[in-house]
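Colleague: sharing a model prediction with you, sequence too.
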Protein chains: 2
Amino acid sequence: MYCLLKLAPLFLALAVCHGWLFDNFVEKQTELDEIALWPLPQKFQSSDAAFKLSHASFQIVHSKQSSAGPSCSLLENAFRRYFEYIFGDMKKHEKSRKKMYDSDLAELQVWITSADPECDGYPSLRTDESYELSVDQPSAVLKAANVWGALRGLETFSQLVYEDDYGVNNINKTEISDFPRFAHRGILLDSSRHFLPLKVILANLGAYHPFTHVYTPSDVKMVIEFARMRGIRVIPEFDTPGHTQSWGNGMKDLLTPCYSGSSPSGSFGPVNPILNSSYDFMTQFFKEISTVFPDAYIHLGGDEVDFSCWKSNPDVQKFMAEQGFGTDYSKLESFYIQKLLDIVASTNKGYMVWQEVFDNGVKLNADTVVEVWMGNKMEEELQNVTGAGFTTILSAPWYLDYISYGQDWQRYYKVEPLNFPGFEGTDAQKKLVIGGEACLWGEYVDATNLSPRLWPRASAVAERLWSDKNVTDVGKAYTRLVQHRCRMVKRGIPAEPLFVGHCRQEYKGL
Amino acid sequence: MYCLLKLAPLFLALAVCHGWLFDNFVEKQTELDEIALWPLPQKFQSSDAAFKLSHASFQIVHSKQSSAGPSCSLLENAFRRYFEYIFGDMKKHEKSRKKMYDSDLAELQVWITSADPECDGYPSLRTDESYELSVDQPSAVLKAANVWGALRGLETFSQLVYEDDYGVNNINKTEISDFPRFAHRGILLDSSRHFLPLKVILANLGAYHPFTHVYTPSDVKMVIEFARMRGIRVIPEFDTPGHTQSWGNGMKDLLTPCYSGSSPSGSFGPVNPILNSSYDFMTQFFKEISTVFPDAYIHLGGDEVDFSCWKSNPDVQKFMAEQGFGTDYSKLESFYIQKLLDIVASTNKGYMVWQEVFDNGVKLNADTVVEVWMGNKMEEELQNVTGAGFTTILSAPWYLDYISYGQDWQRYYKVEPLNFPGFEGTDAQKKLVIGGEACLWGEYVDATNLSPRLWPRASAVAERLWSDKNVTDVGKAYTRLVQHRCRMVKRGIPAEPLFVGHCRQEYKGL
């Protein structure tokens, strides 16, 4: 399950922060670069005063005032995980030193401030992910409204720790106040072009082989829980009516039979939108899906519907005439999607759709999230979608499956989601851009190459979606990202190199 | 050490085959595709008659007439390795069935025909790698002049075995007679831009860190022996006088001090060609190298020498005047290379150089191998190099570090090394093209992403350099290569997918 871990730096989830503690922060860029935080926190102050962390005595603990305690297994797991990131996998019996020294940092106290820490909850688009971190003697204090902010702060705390020339873990006196700029900071993984073994990634219920290439319900549960423990949302996409060839193998009459002249050609097109049985199936299917996936949203796809098969089918032609659609097959597509949206809305889930659904004029619920993926006329699309009052997330500039020689992470990093040339949205419109997604479509990706293709390229997107909009210096980002990718390598993730160089600890996971 | 294993399909070495057994072969392309041999053998005949292989009774053995026996550890190791490829890692105690059935293939007999099987030797440019393989009841027979041909035949035998619908290993009645088209079929790996841990790849003696990032002499020995067991040559490159910045850290005064105006700038350029100490160092260095690496050739580099530092240095300017070089710094470069070649020749090694050394008119030994790496004017360079009577290998079209979206393996596959537009060489010239190399330079490659970036893209080069020049059908190659990459995945190599699809056994090595 270690691959999901890798999503943690990026997948985080929402926050608007209030109540700054530190008004007179001066950002010290030089020190910041040395410590190499990624993504860069919103407010940061540190001094040269350094404390030592001893694996024998340092502890991560619940603070006395915290609403969470030892029964909060999400935090208990996170405490162990980050302790191991900092000190490596040191066995308990190696701990012998009891004495504390004046120069030591004794502990990190984690203080959850709301009455409900959300230990057993799931992160959502409305989650407050802000946190405040104060590192000083004898204790560092991490303060957050809930466990999700605490997870973000634990990651930052672990990144503050560095080894000195003697291999001793040090941390400098530091004050951080942080929150993400965007609520939706996603990674899209594609398990439909290639099967991704559970170890490698997320959940999907399609079948390549009835036993060896299938995700079981318990697999799905495990993925969701693994993600939840790290404050990561899992949003499944079930794309219809196009991109459904494989569904036809399992479900008779679900797909439209294509015709060659006056007789069926033997091949099949999109979901058959003229049969009640198609909608019966979708009702049953999404009812199950809505119970399996706890997130408030389901992605319904709706992209790239090829009309040629519908056009060839005489029954579909007849249906078009009866409905008065003329020869406008996008009306038939909208007819299908409309019914699908009603089905899914009845399960009390919100939905995400690809931009074509909006473009075709389908009537959408007010809380629909429209995903803009087409690179051409992206600015116009953002204008239209937000102008119509819809929430949007952006993936067009972040298709990580497209590879090229060199440092393409810089191109991803330079994207400013609210300030495309030509996107002149009002402030109200810009607020509707709730984030973005790095998409790693699977045509040329499977378990053999997913991790180094995704990391650290997706990290560039992570910082764009978390940090302040003025954090745009590519040279400084390079310095920090080099160290961040070594950090990932140290944690066992085969993140590929940015350029010539080496890590203190190279990848040994082969 | 498993990564070197991956080189086996490509690195093979030389052969001109004589004495065909089977004159009336008809190539049956359809069956061939099903069996998916890669690279495609020169002559192949099979029938529908299938034999079963039982892990409990099937054996790979030395034939009675063979000049090699149980004391040939190279073959003993290869027998075990291929048995495990075919049957998986089945423990001895699982073997119980003694009975042979009529439909079984009982054994593969390996028959080495020359008096010296070369069990303890190294493959070279003059190695005969041909073999003949006959699969029939009760025994298959693999006949080769030496162990190197036997290794190639064992690989082919293992590729002939396929699982039927019951999971039983089958092999069809088959006759194969095979030899490689080119003697040099190489892969270039770069351990200088990124350190490649021993597990990941070849040998190099540079140091990133005095303890953690260094290859020890015993590491180098292990790599060479690991390669030898698989019939793979290891040719180290020590590139001078350019590309030597890191050498300067270890060797005072080795590099040329650059000047800014009339005083040293503090930075350094190529090896200092005007000091005797530089040549003393090279003499000592290459003397050691020549004993460490058993191959007959050493690659001396000689590419991309930047003259600006030499030009800035007043001592170098004075030397130029004394030597009568005027302002032609390529004469100074040649002066250095000339002395270097004499040093290396005195160690009784042959040498390979990048094309610039030839282009600059350095006097070369007749057996020098000139490597053509520049994509522009490649045809002209081939004309010139072979016209001057020098042996050449080609890497220009096969720089695998340049990546792009989609199936770029097809571009590598379509290269015809003897028939570039514009390369009108005579037959004598064409014979001087002894092969090629797939180069994976290390700017953006390290242990995290090397394997999926190299495989199966390098396999396209492998078939171009082994199989007959008429084997050019990309569609048929695709079908076989898809299966070949699944074969690599099954053997634990994270070879990336060619396109949408899946393997029966997915990569689980994470």
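Modeller: Thanks, I have it. Numbers count the residues shown, from 1 in each chain, chains lettered A, B, ... in the order given.
Colleague: could you use CA atoms for every contact and neighbour count after this?
Modeller: Will do.
Colleague: now do A:R504, the pLDDT please.
Modeller: With respect to pLDDT, A:R504 scores 82.
Colleague: so what's the residue in the stretch 101-250 of chain A positioned nearest to chain B up against?
Modeller: The stretch 101-250 of chain A approaches chain B most closely through A:R193 (5.1 Å), counting by CA to the nearest CA. Shown in contact with A:R193 (CA atoms under 8 Å, 6 or more residues apart in numbering or on different chains): A:W441, A:G442, A:E443, B:V500, B:G501.
Colleague: filter those down to the buried ones and hand me the ChimeraX line.
Modeller: This is how ChimeraX selects the buried members of the contacts of A:R193, with burial counted by 16 or more other CA atoms under 10 Å in any protein chain shown:
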select /A:441,442,443 /B:501
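Colleague: okay, now the unreliable bits of the stretch 401-510 of chain A?
Modeller: In the predicted model of the stretch 401-510 of chain A, residues A:509-510 satisfy pLDDT under 70.
Colleague: how about the residues of it that lie near chain B?
Modeller: Residues of the stretch 401-510 of chain A lying close to chain B by CA under 8 Å from any CA of the partner chain are A:401-406, A:442-449, A:452-453, A:494-502, A:504, A:506-510.
Colleague: before we move on, back to that, for the contacts of A:R193, which two are the farthest from each other?
Modeller: A:W441 and B:G501 (13.4 Å; CA to CA).
Colleague: just the buried ones out of the residues of the stretch 401-510 of chain A next to chain B, please.
Modeller: By neighbour count, with 16+ other CA under 10 Å, these hold A:401, A:442-449, A:452-453, A:494-499, A:501-502, A:506-508, A:510 as buried.
Colleague: before we move on, back to that, which single one of the contacts of A:R193 is nearest to B:E380?
Modeller: Scanning those for proximity to B:E380, where the rule is CA to CA, the winner is A:E443, at 38.3 Å.
Colleague: hang on, isn't the closest one packed against B:E496?
Modeller: No. Taking CA atoms under 8 Å as the definition, A:E443 is not a contact partner of B:E496, at 10.7 Å.
Colleague: where do the strands sit along the stretch 201-350 of chain A?
Modeller: Under the criterion DSSP state E, counting those that start in this stretch, the stretch 201-350 of chain A carries strands at the ranges A:207-209, A:213-214, A:255-260, A:263-271, A:297-299, A:350-354.
Colleague: could you give me the average pLDDT of the second one?
Modeller: This points to strand A:213-214. For strand A:213-214, the mean per-residue pLDDT is 64.
Colleague: with stretch A:188-197 instead?
Modeller: 65.
Colleague: in the stretch 101-250 of chain A, which segments are predicted with low confidence?
Modeller: A:189-192, A:194-204, A:206-214.
Colleague: ok now do the nearest residue to A:E424 once chain neighbours are set aside, which residues does it touch?
Modeller: Of all residues not flanking A:E424 in the chain, A:Q383 sits nearest, at 7.3 Å (CA to CA, 6 or more residues apart in numbering or on different chains). The contact partners of A:Q383, by CA under 8 Å, 6+ apart, come to A:F423, A:E424, A:G425, A:Q429.
Colleague: so A:Q383, which of the three states?
Modeller: With DSSP: H, G, I helix; E, B strand; the rest coil as the basis, A:Q383 sits in helix.
Colleague: okay, the residue in the stretch 251-400 of chain A positioned nearest to chain B: pLDDT?
Modeller: Distance from chain B to each residue of the stretch 251-400 of chain A (CA to the nearest CA) is smallest for A:L400, at 10.3 Å. Here, the pLDDT recorded for A:L400 equals 94.
Colleague: and the closest residue in space to it that isn't next to it in sequence, what are its bridge partners?
Modeller: Setting aside the residues directly before and after it, A:L400 is nearest to A:L440 in space (CA to CA, 6+ apart), at 5.1 Å. For A:L440, the beta-bridge partners under DSSP bridges are A:L189.
Colleague: A:L440 - how many residues pack around it?
Modeller: 22 (other CA atoms under 10 Å in any protein chain shown).
Colleague: before we move on, what about A:T291?
Modeller: Neighbourhood size, A:T291 [other CA under 10 Å]: 11.
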